[in-house]
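Enquirer: Pasting a predicted model and its sequence here:
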Amino acid sequence: MSLYVKILLIYTLIINILLFFTMGFDKHCAVKGKWRVPESTLFILALLGGSIGGFISMKVFHHKTRKWYFYVIFILALFFQIALLILFFSQSKTFFLLPKATNDNIMTWI
């Protein structure tokens, strides 16, 4: 496994854990009537790679489940993240363990 893949996996794990606990903290604050985490912060964390942690925290903490736009933002963020991963791996030789396409390879198919 390359260094870039390891860094990407560690980053993804950290950002998902961060959003998970941030939403848990926000739920705790909501129950206690204390200062809340802004929704924009939750959206930014989801867009930065934490959408899976956001979905899990919605189910675990039963938080933000009535707000349809959280589902929409988290789903769109997840699709965006998947597209970025496909782009990242398609630019490297590790994508599905296939060699990177070159003009020579493409020309032999034509």
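Expert: Everything's here; your move.
Enquirer: contacts, neighbours, all on C-alpha from now
Expert: Fine.
Enquirer: ok, now which ones touch Ala77?
Expert: 46-47, 49, 51 (C-alpha atoms under 8 Å, 6 or more residues apart in numbering).
Enquirer: Please repeat the previous calculation with a cut-off of 7 Å.
Expert: Ala77 makes contacts with 46-47, 51, as judged by C-alpha atoms under 7 Å, 6 or more residues apart in numbering.
Enquirer: so where's the chain shaky on pLDDT?
Expert: 92-110 (pLDDT under 70).
Enquirer: Tell me the first helix or strand C-terminal of the lengthiest helix in it.
Expert: Looking across the chain with DSSP state H, the single longest helix is helix 3-32. Downstream of helix 3-32, the first helix or strand assigned by DSSP states H and E is helix 39-45.
Enquirer: Can you spell out which helices and strands pack onto the longest helix of the chain?
Expert: If contacts are counted by 3 or more C-alpha pairs under 7 Å, 6 or more residues apart in numbering; DSSP states H and E, helix 3-32 sits against helix 39-45, helix 51-61.
Enquirer: buried set for that helix?
Expert: 12, 15-20, 22-24, 26-28 (16 or more other C-alpha atoms under 10 Å).
Enquirer: Kindly report the same for stretch 78-96.
Expert: 78, 81, 89-90.
Enquirer: and what of stretch 59-72?
Expert: 61, 63-64, 70-71.
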